[in-house]
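# what's the 3D shape of this:
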Amino acid sequence: MSMANLSAAAPFASLKRMGTASLSSLSLRGHGASESAFVARHRYHARRPAIPRDANNILVSSDKRSISSIGTHMESIQALWSKTSPFTSFSWAMNAVAEANVQESQGDNKEINGGDAEVKVPAKFRPYPFPVSEILLLYQRIFKDTNFTALNGFDLSVSKELTVRIEPSLTNLGFGIARVELDENLDKDTASAASDTASVNDNEHEEAKPIEKKKWVIFVPNVIPGELVLVKIYRNYASYSDADLLQIIEPSPDRIEPPCSLATICGGCQYQHITIDRQREMKTMQVQELFERLGGLETHEFPTVLDTLGTPEVFGYRSKITPHYEAPMRKKEWKNAQNNGDAAASKSCEIGSIGFKEKASRRLVDVPYCHIATPAINDALVQIREDKREEARQGLLKKPNKGATLLLRDSDGVVETNHNVYVNTTVKDLVFRFQAGNFFQNNPFMLPKMVDLVVDAATKTSPSGKTMTHLIDCYCGSGLFAIGSSRSFDVCVGIEVNKMAVEEARENAALNGIQNCDFVSASAEAIFLSKDPVRITKEGDDKDLLVGDFPRESTVVVVDPPRKGCSEEFLQQLNEYGPGRVVYMSCDPATQARDTKFLVSFGYEIVSVQPFDLFPQTRHIECLAVFERALD
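Got it, this is the predicted structure:
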């Protein structure tokens, strides 16, 4: 079926019901062995289409999260690159053809033309409310049908460019939000989606403000609230569209030039184009909004969120990075070497980019220098990248068919790359020993301030005048908060599901001469119901204590869960246990705000909410919330 016949005979709804096979093979004149090998080796999921390594390759992603390869003419890519944004490497969307089914006769290098292919438009592909011209170009080039210009009456000949104003808040992913009115003649289902949608959660964007009828949401990277910008739509979803930033018409006074040349495309940093003061203001506002919206709280129901606390080290602070590389590309000689029994040569390959994921996609950006990593890490990174590529060329990679994640951990100035090697890190006057690959906070400049504030919050006298005597540290990891607080309490108990982390915590307590701490390997939910005693050494005597016997009014529970927050089961057991105070540290204020709703319903009052700028230049926020059991 030719594309001309397809567009005329099959409206969009019918196209969605056509063949089901995904694009699995495509051969066009002009592709070579190396290009074909490069694209054939990749398999990954992309929210946005991948950018080819060179101009002879196109990567097409499918809804089944696989990549199919095509080699094509230089002109095809040049056409797709004809309008490149200065703020991103690409502004194109090829997912529309991801479910095309192109049959190739085995052994034949058959040229593809309109008569050889049958197309099924992916369910997620939407030519409305805005056209995306790159989709059209790709269809025309692949199927050699320049008459194809529309789907179901929607003109795809020109990608939609819009001038929009960025709203006061960014999403949790650091994207700007804009809203535009849709055409009155737009498809009824689309208009309904726009008017009925009260929140946008696709791609993990969080935005739940009420929207006016026929206002369509557009997400834009690299912007600042209040700016007027020109954007270009590259993909439509059911209730919003994604766009590239083309031009800043009215820049914010807080806009600065990022020191990193990769800042607009690398997903590692979202805010390098914003002054540090404005970054911290936005993070404070975001926490306030999350507690009001997800916590279901009115402003008068909890104290104003404190200003985000940071340190002067806004670059060169991160003590751990984990750059990635994708499955290496085999050398041309690989098959011959394999057939000849040359084991080393058969594993010889080339590594592409070594770095981090691109903004809004899973394609890797090559990062030879990371501005937020410590100087020691950047010094080591040069040699590590070189060594890893040489290993690939020599056929020495342990898993030459797969990508991998590298580790660089700066431990007091020494960079470790082996996950299993033990390293030492000093926090104030305490030494913590842990495996380099294990979790430990990655900003040594902010960490002492965080520990101080946790200890201060935990040790304050209770509203009834009692001194806090017992501390339970849930999700304790290597014992940071329990050990850091131990000198202020009679008894400290930590619980952690990771057995290795528990062993590290016990060793760290011994390393620092702490005797009133014990650590338990179990899920956090188990600590309150446990009948197993914890052993504490006090005044030279060993004592076995049950957590259930701790005095509730003078007991503090410190909570530092993973990003997903606390389980409902844990929160229910925490309520039944009834400690006098809860000190909740979180790496995701959204889940912390959600859990706050439970704690408030259990009768706890919010004493303070303190955000930390643990990772400047990024969207990430650490937040400490303190809860006090309300007096009867």
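# now what about stretch 287-296, what contacts it?
Applying Cβ atoms under 8 Å, 6 or more residues apart in numbering, the contact partners of stretch 287-296 are 169, 208, 297-299, 302, 304-305, 308, 589-590, 592-594, 596-597, 600, 609, 611, 621, 623. For glycine as for every other residue, the C-beta is placed from the backbone atoms N, C-alpha and C.
# do stretch 263-278 as well
By Cβ under 8 Å, 6+ apart, stretch 263-278 touches 87-89, 173-174, 221-222, 224, 245, 252, 254-260, 279, 282, 310, 314, 355-360, 365, 367, 370-372, 616-619.
# Go through those residues and flag which are in helices.
279, 282 (DSSP state H).
# List only buried entries from the contacts of stretch 263-278.
Buried members of those, scored by 16 or more other Cβ atoms under 10 Å, are 87-89, 173-174, 221-222, 224, 245, 252, 254-255, 258, 260, 279, 282, 310, 314, 355-360, 365, 367, 370-372, 616-619.
# Return the set of buried residues in the helix or strand where residue 286 lies.
Using DSSP states H and E, residue 286 sits in helix 276-293. Neighbour-count burial for helix 276-293, counted by 16+ other Cβ under 10 Å, picks out 276, 278-280, 282-293.
# again, but for stretch 390-405
For stretch 390-405, a neighbour-count test (16+ other Cβ under 10 Å) marks 391-392, 395, 397, 400, 403-404 as buried.
# Stretch 456-476 too?
457-459, 462, 468-476.
# For it, measure first residue to last.
Separation of the first and last residues of stretch 456-476 by Cα to Cα, to the nearest Å is 18 Å.
# Repeat that for stretch 582-590.
18 Å.
# With stretch 165-179 instead?
End-to-end distance for stretch 165-179: 8 Å, by Cα to Cα.
# For stretch 307-316, output the C-alpha coordinates as PDB.
Output in PDB follows, covering the C-alpha atoms of stretch 307-316 (Å, rounded to 0.1, in the frame of the first residue of the first chain):
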ATOM      1  CA  ASP A 307      14.400  28.900  53.200                       C
ATOM      2  CA  THR A 308      16.300  26.200  51.400                       C
ATOM      3  CA  LEU A 309      19.600  25.700  53.100                       C
ATOM      4  CA  GLY A 310      22.800  25.400  51.000                       C
ATOM      5  CA  THR A 311      26.500  25.800  51.100                       C
ATOM      6  CA  PRO A 312      28.900  28.000  48.900                       C
ATOM      7  CA  GLU A 313      30.000  24.800  47.100                       C
ATOM      8  CA  VAL A 314      27.600  24.900  44.100                       C
ATOM      9  CA  PHE A 315      30.000  23.200  41.700                       C
ATOM     10  CA  GLY A 316      32.600  20.500  42.300                       C
END
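# List the contacts of that stretch.
259, 276, 280-281, 283-284, 287, 317, 371-375, 443, 445-446, 449, 453, 610-613, 616-617, 621.
# quick one: buried residues of it?
308-311, 314-315.
# Present those residues as JSON lines; the columns should include distance to residue 549 and pLDDT.
Output for those, formatted as JSON lines (distance: Cβ to Cβ, whole Å; pLDDT from 0 to 100):
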{"residue": "308", "distance to residue 549": "39", "pLDDT": "98"}
{"residue": "309", "distance to residue 549": "36", "pLDDT": "97"}
{"residue": "310", "distance to residue 549": "41", "pLDDT": "97"}
{"residue": "311", "distance to residue 549": "41", "pLDDT": "97"}
{"residue": "314", "distance to residue 549": "47", "pLDDT": "98"}
{"residue": "315", "distance to residue 549": "49", "pLDDT": "98"}
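# thinking again about what came up before, mind checking which of the contacts of stretch 263-278 are in strands?
245, 355-357, 365 (DSSP state E).
# Turn these into CSV, including distance to residue 628 and pLDDT.
Shown next, in CSV, are the ones in strands among the contacts of stretch 263-278 (distance: Cβ to Cβ, whole Å; pLDDT from 0 to 100):
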residue, distance to residue 628, pLDDT
245, 45, 94
355, 45, 96
356, 41, 96
357, 41, 94
365, 46, 95
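# how about the residues you listed, which pair is most distant?
Spanning the widest gap among the ones in strands among the contacts of stretch 263-278 are 245 and 355, at 21.1 Å by Cβ to Cβ.
# re earlier: next secondary structure after the helix holding residue 286?
strand 320-321.
# what does that following strand contact?
370, 373, 377, 381, 407-410, 440, 442.
# ok, back up a step: make a markdown table from the buried residues of stretch 456-476 and add secondary structure and pLDDT to it.
Putting these into a markdown table (DSSP: H, G, I helix; E, B strand; the rest coil; pLDDT from 0 to 100) gives the following:
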| residue | secondary structure | pLDDT |
| --- | --- | --- |
| 457 | helix | 96 |
| 458 | helix | 96 |
| 459 | helix | 95 |
| 462 | coil | 91 |
| 468 | coil | 95 |
| 469 | coil | 94 |
| 470 | strand | 95 |
| 471 | strand | 95 |
| 472 | strand | 95 |
| 473 | strand | 95 |
| 474 | strand | 93 |
| 475 | coil | 93 |
| 476 | coil | 92 |
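# Go through these and name the one nearest residue 522.
After measuring the buried residues of stretch 456-476 against residue 522 - Cβ to Cβ - the closest member comes out as residue 474, at 10.3 Å.
# if I pick the closest residue to the closest one other than its chain neighbours, what's in contact with it?
Nearest residue to residue 474, sequence neighbours excluded (Cβ to Cβ, 6 or more residues apart in numbering): residue 524, at 4.3 Å. Applying Cβ under 8 Å, 6+ apart to residue 524 gives the contacts 474-475, 495, 497, 559, 561, 566-567, 570.
# export the host helix or strand of residue 235 as CSV, just CAs?
Take DSSP H and E as the rule and residue 235 turns out to sit in strand 228-236. The C-alpha coordinates for strand 228-236 follow below in CSV (Å, rounded to 0.1, in the frame of the first residue of the first chain):
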residue,chain,number,x,y,z
LEU,A,228,8.4,34.4,27.2
VAL,A,229,9.8,31.8,24.8
LEU,A,230,9.4,30.4,21.3
VAL,A,231,9.0,26.6,21.3
LYS,A,232,8.6,23.9,18.7
ILE,A,233,6.4,20.9,19.4
TYR,A,234,8.1,17.6,18.8
ARG,A,235,5.6,15.2,20.4
ASN,A,236,1.9,15.1,21.4
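# Which strands or helices does it pack on?
Strand 228-236 makes packing contacts with strand 161-165, strand 176-181, strand 215-220, strand 240-250 when contacts are defined by 3 or more Cβ pairs under 8 Å, 6 or more residues apart in numbering; DSSP states H and E.
# Right, I'll leave it there.
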